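In: give me a model of this one.
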Amino acid sequence: CALVGLGSVLEGGGGAVVVADVEWERFVPAFTSRRPSPLLTSLPGLNGTETDSAGEKTTGGARAALTARLAGRPETDRRRALRELVCERATLVLGRTADSSMDVNRAFRDVGFDSLTAVELRNRLNAETGLRLPSTLVFDHPTPRHLADHLHDELFAGPEAAPGGSATPAGSYGSDEARFRSTLAAIPFSQWQRSGLLTAVLTLAESDASGTPEDDGDSSHGAIGEMDVDALVQLALGDSTS
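Out: Numbering: from 1, shown residues only. Sure, this is the predicted structure:
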């Protein structure tokens, strides 16, 4: 077909014509992730590609199987399993060997992800989890750790998601000290400096046994001490809306 099309172009003498073999299932979702394309919509054979691609379908069976497999584990184990899942699928998308493991705290864009591979990873995770995840997934949750935590919160967000209602509400750190510590560790040092939190957090760490920081005249330390975990992390990440 491509040769026939190319021959027609050469015979017709038209200029600026390209004959390309495009993987539309990969290209269209990535190209239209932020806005629809009238050009692509008008092309024959692409009707419904934007909304009905495999990456957009919710697979209830996959979600049920995954939650059933993880539901009996402690929360820290569930999150670890989801981090492994994200890293394994990301490694496959990048075409790397299974033994070249990814750093869970390293940004996807730093290891070679672009808009096309981001959509491919989203599609794989949709199939694995049964969730309906957006094409901007790896940009909204830029590291495997953050992405895995998002998947956990989506899968186990309510009391009905785990036996005994033990699931952690989405966005809540609860008493999971390990997750809190790992999240703080994932924040770059430069971001702590830019946010103005570094000195205050160090002061909190050096406070006496009563938990009261020494008074050095800076009232911001007291305000930091009154923040909950979510507010502290959001401020360190530069989220001025919270």
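
In: contacts, neighbours, all on C-alpha from now
Out: OK.

In: can you tell me, leaving aside adjacent residues, what's nearest to residue 129?
Out: Counting by CA to CA, 6 or more residues apart in numbering, the nearest residue to residue 129 once its immediate chain neighbours are dropped is residue 63, at 4.8 Å.

In: so for that neighbour, what's the pLDDT?
Out: In this prediction, residue 63 carries a pLDDT score of 85.

In: so after the strand or helix carrying residue 119, what's the next helix or strand?
Out: For residue 119, the host element (DSSP states H and E) is helix 115-129. The helix or strand immediately downstream of helix 115-129 is helix 137-140, counting by DSSP H and E.

In: does anything pack onto the helix or strand following that following helix? Which helices or strands?
Out: Toward the C-terminus, helix 137-140 is succeeded by helix 144-155 as the next helix or strand (DSSP H and E). If you count contacts as 3 or more CA pairs under 8 Å, 6 or more residues apart in numbering; DSSP states H and E, helix 144-155 packs onto helix 75-93.

In: tell me how the chain divides into domains.
Out: 2-52, 56-175, 187-236 (automatic domain parsing).

In: can you list the low-confidence ranges for the chain?
Out: Low-confidence segments of the chain, defined by pLDDT under 70: 1-2, 5-6, 9, 12-15, 25-26, 28-60, 97-100, 158-186, 207-242.

In: picking that back up, the residue nearest to residue 129 sits in which helix or strand?
Out: Residue 63 is part of helix 60-70 when elements are defined by DSSP H and E.

In: would you mark the buried spots in that helix?
Out: For helix 60-70, a neighbour-count test (16 or more other CA atoms under 10 Å) marks 62, 63, 67, 70 as buried.

In: how close does the first one get to residue 91?
Out: Going back to what we said before, that points to residue 62. 21 Å (CA to CA, to the nearest Å).

In: done for today, thanks.
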